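K.L.:
Curious how this folds, go ahead:
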Amino acid sequence: MKYKVLKLASLVAVSFISASASAVPILFQGSSTLSATVTQSPAQARADWESQLQSFGIDTLAGASGNGSFTSTFGNMFSETGNGSQIRSFGTNIRGNRSNATHIEFDVTFPQAVNAVGFDVVDNDGGGMRISLTNAITQLVTHFDFTSVFGSNRTEFFGVIFEPTTFISALRVSGTDPGGITSWDNFTTGVGEHAITPPPAGVPEPASLALLGLGLAGLGFSRKKKAA
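P.N.:
Okay, the predicted model is just below:
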């Protein structure tokens, strides 16, 4: 299996987003406890992410119920990957338990292709957070790696706006919380302001979403082709 590794240049000011969004994925991160590299709160980071979108919708996890696999009223399907970690619907959150696995991992399949994703996380304890996005046409998987701010009970936001011509059909979330228990909520999907609409041929056009209204992190990412 071949891997293609790329370096994503660091972005140091919000003013660079619009100019760069048409060329490369843009990453956002915010934390309730700031650091040298994470300089925005979750609310600020989410607001910056949302401001760069044409449209988006928030999955509050209403209607989701069960362990291991469940679907929300919004239409997102959440499921374990079989790596040994567990997830369950817990009120308006997804509660992940690392158990004996190296990380908490689960898949989210979208009802329609989108161009941007974001979500809130509680208590990742300074661990890693990997967002893996599947291209709706090529099935190419792109990984984005973040590091949570150290400490317990932190609330964080992570968001990605993909390349303008790329629409995605699924998300895999991987968290390496040292404490073993992490919660996710407010899964948000949308279309970036520079995205080509309608989507490229072969990608279903996202449904009309209500237009609602991060320390930035420029991070390395890798791509690999899914095994047949």
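K.L.:
quick one: buried residues of stretch 29-45?
P.N.:
For stretch 29-45, the neighbour count (16 or more other CB atoms under 10 Å) marks 29, 30, 31, 32, 38, 39, 40, 41, 42, 44, 45 as buried. No exception for glycine: its C-beta is placed from N, CA and C like everyone else's.
K.L.:
my bad, stretch 172-185
P.N.:
Going by neighbour count (16+ other CB under 10 Å), the buried part of stretch 172-185 is 172, 173, 174, 175, 176, 177, 180, 181, 182, 183, 184, 185.
K.L.:
Can you get me the start-to-end distance on it?
P.N.:
14 Å (CA to CA, to the nearest Å).
K.L.:
show me where the protein has helices.
P.N.:
Counting by DSSP state H, one finds helices in the chain at the ranges 17-21, 42-51.
K.L.:
looking at those, which has the lowest confidence?
P.N.:
Sorting those by mean pLDDT places helix 17-21 lowest, at a mean of 37.
K.L.:
between the buried residues of stretch 29-45, which is nearest residue 71?
P.N.:
residue 42 (25.8 Å; CB to CB).
K.L.:
surely that closest one meets residue 154?
P.N.:
No. Using CB atoms under 8 Å, residue 42 is not in contact with residue 154; the gap is 9.2 Å.
K.L.:
shared neighbours of the two, which are they?
P.N.:
Residues touching both residue 42 and residue 154 (CB atoms under 8 Å, 6 or more residues apart in numbering): 31, 32.
K.L.:
re earlier: dump the buried residues of stretch 172-185 into TSV; add distance to residue 126 as well.
P.N.:
Compiled in TSV, these are given as follows (distance: CB to CB, whole Å):
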residue	distance to residue 126
172	21
173	17
174	15
175	11
176	9
177	8
180	13
181	14
182	11
183	16
184	17
185	20
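K.L.:
So which of those residues belong to strands?
P.N.:
172, 173, 174, 175, 181, 182, 183, 184, 185 (DSSP state E).
K.L.:
Pick out the most distant pair among those residues.
P.N.:
Every pair of those checked by CB to CB; the farthest is 172 and 181, at 19.2 Å.
K.L.:
what's the closest non-adjacent residue to residue 65?
P.N.:
In this structure, residue 65 finds its nearest non-sequential neighbour in residue 89, 5.1 Å apart by CB to CB, 6 or more residues apart in numbering.
K.L.:
same deal with residue 72?
P.N.:
Here the nearest residue to residue 72 in space, its sequence neighbours aside, is residue 64; by CB to CB, 6+ apart that works out to 4.2 Å.
K.L.:
Verify the stated contact: the one you found with residue 79.
P.N.:
No. In this structure, residue 64 is not within contact of residue 79 by CB under 8 Å, at 11.5 Å.
K.L.:
higher neighbour count, those two?
P.N.:
Shown here are residue 64 and residue 79; by other CB atoms under 10 Å, residue 64 has more neighbours (22 against 14).
K.L.:
Please name the bridge partners of residue 168.
P.N.:
With DSSP bridges as the criterion, residue 168 is bridged to residue 114, residue 135.
K.L.:
gap between the residue nearest to residue 65 and residue 77?
P.N.:
Taking CB to CB, to the nearest Å as the measure, residue 89 falls 12 Å from residue 77.
K.L.:
before we move on, what about residue 125?
P.N.:
Taking CB to CB as the measure, residue 125 falls 27 Å from residue 77.
K.L.:
So between those two, which is more surrounded?
P.N.:
Between residue 125 and residue 77, counting by other CB under 10 Å, residue 125 is the more crowded of the two (19 against 15).
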